[in-house]
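In: Give me a 3D structure for the following:
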Amino acid sequence: MASFGDLLGQHLSRKRGLSQNKLALDIDVDPSVISKMCNGKRLNGRYSRERVLKIIAWLHDKGVLEYVGEANAFLEAAGMTPLSESSDDDVLLLGRLDRQSEMAPQELRSSNQEQLTILFLLAILFIHILDKVALILKQEQTVIVVCYKCHEE
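Out: Now for the predicted structure:
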């Protein structure tokens, strides 16, 4: 499991111009608090969950955190429970995040990579087929294309 500081660093690096100082300024938290959170301190106490939820919401607003699984990874790294429908603050955040995938970020990237690989292979196959069709047309042979769905009995 990645540390809170590692996760924050990974997300901040996804978009140029994001930094711990900008985050602190935008969510109205002293920069030293963000720094301490990244070092494993200030992650418990009265306002700690509220701060983590603000960070998650800010990252989402900046377009670098999209999924519930990513948000829960931050909470887990901070030693907190996942987002829950029983908390009003959590419900507001859950309403903004993509629930389509409850997967953890690494699982999600792996799934996306598999889909991209399949798409790439299909594109190569399609290009190969187009090359064959072009070769046939160059040989001035007649090609009849039949749509099987249109000609079903």
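In: switch to C-alpha atoms for all contacts and neighbour counts from now on
Out: OK.
In: dump the residue contacts of Val64.
Out: His11, Leu12, Arg14, Lys15 (CA atoms under 8 Å, 6 or more residues apart in numbering).
In: Give me the nearest residue to Pro82, chain neighbours excluded.
Out: Asn72 (5.0 Å; CA to CA, 6 or more residues apart in numbering).
In: Need the contacts of Val64 in TSV (columns: neighbour count and secondary structure).
Out: Shown next, in TSV, are the contacts of Val64 (neighbours: other CA atoms under 10 Å; DSSP: H, G, I helix; E, B strand; the rest coil):
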residue	neighbour count	secondary structure
His11	20	helix
Leu12	19	helix
Arg14	13	coil
Lys15	12	coil
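In: that older thread, quick one: residues contacting the residue nearest to Pro82.
Out: Shown in contact with Asn72 (CA under 8 Å, 6+ apart): Thr81, Pro82, Leu83.
In: quick one: which of the residues you listed is most hemmed in?
Out: Neighbours here mean other CA atoms under 10 Å. Within the contacts of Asn72, the largest count is held by Leu83, at 19 neighbours.
In: That residue in helix, strand or coil?
Out: coil (DSSP: H, G, I helix; E, B strand; the rest coil).
In: about what we covered before: what's the closest of the contacts of Asn72 to Val33?
Out: Each of those was scored against Val33 by CA to CA, and Thr81 proved nearest at 20.8 Å.
In: these two touch, right, Leu65 and Leu59?
Out: Yes - if you go by CA atoms under 8 Å, Leu65 and Leu59 touch, sitting 5.5 Å apart.
In: Please identify every residue contacting each of the two.
Out: With CA under 8 Å, 6+ apart as the test, Leu65 and Leu59 both reach His11.
In: As a check, name the ranges of all helices in this protein.
Out: 4-12, 20-27, 31-38, 48-61, 68-77, 88-94, 105-138 (DSSP state H).
In: among those, which is the most enclosed?
Out: helix 68-77 (a mean of 22; mean count of other CA atoms under 10 Å).
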